[in-house]
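K.L.:
Need the 3D shape of this:
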Amino acid sequence: MSSTNPLTGPSASTVAMSARQEFTPEQLERIKSVVNCLVTSSGLERTPGSAVADFLHTQDLMSSRTGPITPVEQSSSLSFLDLPAEVRNKIYRHCLVVGSVFPRRKAGDSRTESFRQHEMPQTQLFLVCRQIFHESAPMYFGLNKFVISYGPASEWPWSDPLRLWKSSISRFAYENMKSMSIPFDLRDHRMQIPEVIRHRHTKNSVKHQLSESWKARFEKMALFNLDLLEMSFVDCCSLRSGQRLIKRALHHLLHEVDSVPKLMVLEGFISKDEVDEIRTHIEEKYLIELDDEDPENPWRIVIDWS
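P.N.:
Numbering: from 1, shown residues only. Have a look, this model is predicted:
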């Protein structure tokens, strides 16, 4: 009785019997002819025995695919603080060092209009953890230039070091800040309306209070260990008379030579004559030897204490 199923083909027992059956040379030749006919009908040139080679190759591929699956070992996560210090410093520099920082920008200050040319420092990095803050804050304060707008010194960031000394940001600012740009501006002292009315006929009183505001500013700046201080005198004048007050500002700046920054750059003069006048005033009154005039920027005075 035949064990061939019309739906599923020969049964397993039939296949096993065929595998044990011995074929005569004539039968083998007929099987070979049938196989070659099937191959030739596909339009491909095949060499004798290539069908057997393809079959064996297919078997090799299938056995390679159905081999044992070895799971990939999961690598342990790497913490940011596990990175070498030099790698972390490169990341800090990329995120925090942008050239110039503009805290508390104010309208009407032309010095802060260039803030769009600089990227915003990613100071949210300070909030990750204490160690990252302690590693990155010195780089942020030490390698950026802080451009401060006009106003009384009480409005400055980190204005009261004694009261804010417990604040880590304040302490790191005073310890690490190296470069600052400030204006000497008629808006550095704010007078209330009654005070303006009371002193409307007293020019010297307004100048005196503005001068006192600058003096308080330098007392705070003496706590910094600055390498560079840029000063702008664009609006360094009296509110009512328009008299220029640069010499009065320089008096407070140069009165304590030991506390001044290593390099000072004076800018914002309204004329070349004013530049020459202030240069002569500094050399004669304070006996300071100034750098030669910069031919590319003759409207700037540089005082180098190094």
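
K.L.:
what does the helix or strand L266 falls within rub up against?
P.N.:
Here L266, judged by DSSP states H and E, is contained in strand 263-267. Residues outside strand 263-267 that contact it (C-beta atoms under 8 Å, 6 or more residues apart in numbering): 227-233, 253, 278, 299-306. Every residue, glycine included, has its C-beta placed from N, CA and C.

K.L.:
Could you give me the buried positions within stretch 271-288?
P.N.:
275, 278-279, 282 (16 or more other C-beta atoms under 10 Å).

K.L.:
Then stretch 78-91?
P.N.:
Buried residues in stretch 78-91 (16+ other C-beta under 10 Å): R88.

K.L.:
Kindly report the same for stretch 126-141.
P.N.:
Going by neighbour count (16+ other C-beta under 10 Å), the buried part of stretch 126-141 is 126, 132-133, 135-137, 139-141.

K.L.:
Likewise for stretch 225-239?
P.N.:
226, 229-239.

K.L.:
Tell me which helix or strand I303 sits in.
P.N.:
Counting by DSSP H and E, I303 is part of strand 301-304.

K.L.:
export that strand as CSV, just CAs?
P.N.:
Extracted C-alpha coordinates of strand 301-304, given in CSV (Å, rounded to 0.1, in the frame of the first residue of the first chain):
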residue,chain,number,x,y,z
ILE,A,301,44.6,104.1,26.0
VAL,A,302,46.3,101.0,27.4
ILE,A,303,47.8,100.9,30.9
ASP,A,304,49.9,97.8,31.4
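
K.L.:
got the contact list for it?
P.N.:
Contacts for strand 301-304 (C-beta under 8 Å, 6+ apart): 260, 262-266, 275, 278-279, 282, 288, 290-291, 294.

K.L.:
same question, stretch 142-152
P.N.:
So stretch 142-152 is contacted by 93, 96-106, 109, 111-112, 115, 121, 156-157, 176-183, 185, 187-190, 213, 216, 228, 230, 235 (C-beta under 8 Å, 6+ apart).

K.L.:
And the residues you listed, which of them are buried?
P.N.:
By neighbour count, with 16+ other C-beta under 10 Å, the contacts of stretch 142-152 hold 96-98, 100-102, 106, 109, 111-112, 121, 156, 176-183, 185, 187-189, 213, 216, 230, 235 as buried.

K.L.:
Sitting in strands, which of those do you find?
P.N.:
100-101, 179-183, 230 (DSSP state E).

K.L.:
that older thread, same list (the buried residues of stretch 271-288) but as JSON lines, adding distance to A222.
P.N.:
Formatted as JSON lines, those follow (distance: C-beta to C-beta, whole Å):
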{"residue": "V275", "distance to A222": "27"}
{"residue": "I278", "distance to A222": "22"}
{"residue": "R279", "distance to A222": "25"}
{"residue": "I282", "distance to A222": "19"}
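
K.L.:
Might you list the low-confidence residue ranges for the stretch 1-150 of the chain?
P.N.:
Low-confidence segments of the stretch 1-150 of the chain, defined by pLDDT under 70, are located at 1-23, 27-28, 30-76.

K.L.:
Tell me where it has helices.
P.N.:
12-20, 25-40, 50-65, 85-96, 130-143 (DSSP state H, counting those that start in this stretch).

K.L.:
try the stretch 151-300 of the chain
P.N.:
Assigned by DSSP H, counting those that start in this stretch, the helices in the stretch 151-300 of the chain fall at 161-164, 168-176, 193-198, 203-221, 246-255, 272-285.
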